[in-house]
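Peer 1: Got a predicted model here, sequence first, then my questions.
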Amino acid sequence: MSKTKILLAEDDPNLGDILHEYLNMKGYDTLLCKDGEEAWNRFKKDTFQLCILDVMMPKKDGFTLGKEIKKVEENIPIIYLTAKNLKDDVIQGLKIGADDYITKPFSMEELLLRISAILRRTATKVETKSLKTYTFGDFTLHYDRQMLESPSGEHKLTSKENELLRLLASELNQTVSRSHALKIIWGDDSYFNARSMDVYLSKIRKLLREDPNMQIVTLHGEGFKLVETVV
């Protein structure tokens, strides 16, 4: 199996060299660029599975670079590195399509865990991307029609209900973190969006009452999962 190729853009020579050496040691094929312009030129010439971009860089900042990368390859995951922890920066990164955001200083182990989690999610998305229907218990989700088919008939779903059910169905019996669900469906995991998601989950739970073997279980501090009880 070929190694996962990572584009690393970091203008701090010490941190850049350390990250480059560490990621290569952990089995990733990592290319280090010292500024945003160099990273953009290399991205256009090669194929990468993940990008790690410093926000504050000379010649081309990380946000500008991220926008350009997403225009070329919309689904490539991006992790932003920043010395700041301002809410506006986080929101800007998420609007561009960032998959994660790490504030310096951070541990190498934390970065490695986040990379692994993102690559697992990316693999799952690729596997389920072409699916238009999801069957679980007595239900069938027609994702392209925003419709849930149940024993009593068809139920039209809102866009948020549709996305939530698809996420839960694609991860059947697996825990979905609240933060992950909020970021990919709402764009960020703010308190307001979290309360909004709880309302939609409550509506979905009511729809699933027709099949007592299907339920959404909340795992406090972790997230939730769609559980199918085997009879």
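Peer 2: Done, it's in.

Peer 1: Where do the strands of this structure begin and end?
Peer 2: 5-9, 29-33, 50-54, 78-82, 100-103, 133-136, 139-142, 147-150, 153-156, 176-177, 214-219, 223-228 (DSSP state E).

Peer 1: Report how many residues lie close to residue 71.
Peer 2: Burial of residue 71 is recorded as 8 neighbouring residues (other CB atoms under 10 Å). Using the backbone N, CA and C atoms, a C-beta is placed for each residue, glycine as well.

Peer 1: Next: residue 29.
Peer 2: 13.

Peer 1: Skip the chain neighbours and tell me the closest residue to it.
Peer 2: Excluding its sequence neighbours, the residue lying closest to residue 29 (CB to CB, 6 or more residues apart in numbering) is residue 3, at 4.1 Å.

Peer 1: List the contacts of that neighbour.
Peer 2: Neighbour list for residue 3: 27-29 [criterion: CB atoms under 8 Å, 6 or more residues apart in numbering].

Peer 1: How much space separates it from residue 50?
Peer 2: 11 Å (CB to CB, to the nearest Å).

Peer 1: and what of residue 191?
Peer 2: 29 Å.

Peer 1: and the two? which has more neighbours close in?
Peer 2: Neighbour comparison, residue 191 and residue 50: the larger count goes to residue 50, with 20 against 7 (by other CB under 10 Å).

Peer 1: Is it correct that the more buried one is in contact with residue 77?
Peer 2: Yes. At 5.1 Å, residue 50 counts as touching residue 77 under the criterion of CB atoms under 8 Å.

Peer 1: which stretches of this structure have low pLDDT?
Peer 2: For the chain, the stretches flagged by pLDDT under 70 are 1-2, 84-97, 122-131, 230-231.

Peer 1: Tell me how the protein divides into domains.
Peer 2: Using automatic domain parsing, the domains assigned to the chain come out as 5-127, 133-228.

Peer 1: Can you give me every residue that contacts the residue of the chain most remote from its centre?
Peer 2: For the chain, the residue at maximal distance from the C-alpha centroid (CA atoms, centre = their mean) is residue 152, at 34.2 Å. For residue 152, the contacting residues are residue 210, by CB under 8 Å, 6+ apart.

Peer 1: ok, now with 10 Å
Peer 2: Neighbour list for residue 152: 138, 207, 210 [criterion: CB atoms under 10 Å, 6 or more residues apart in numbering].

Peer 1: of those residues, closest to residue 104?
Peer 2: Using CB to CB, residue 207 comes nearest to residue 104 of these, at 44.3 Å.

Peer 1: most packed of the strands of the chain?
Peer 2: strand 50-54 (a mean of 25; mean count of other CB atoms under 10 Å).

Peer 1: Just give the strands next to it in its sheet, each with its orientation.
Peer 2: strand 5-9 (parallel), strand 78-82 (parallel) (DSSP bridges).

Peer 1: Many thanks, I have nothing further to ask.
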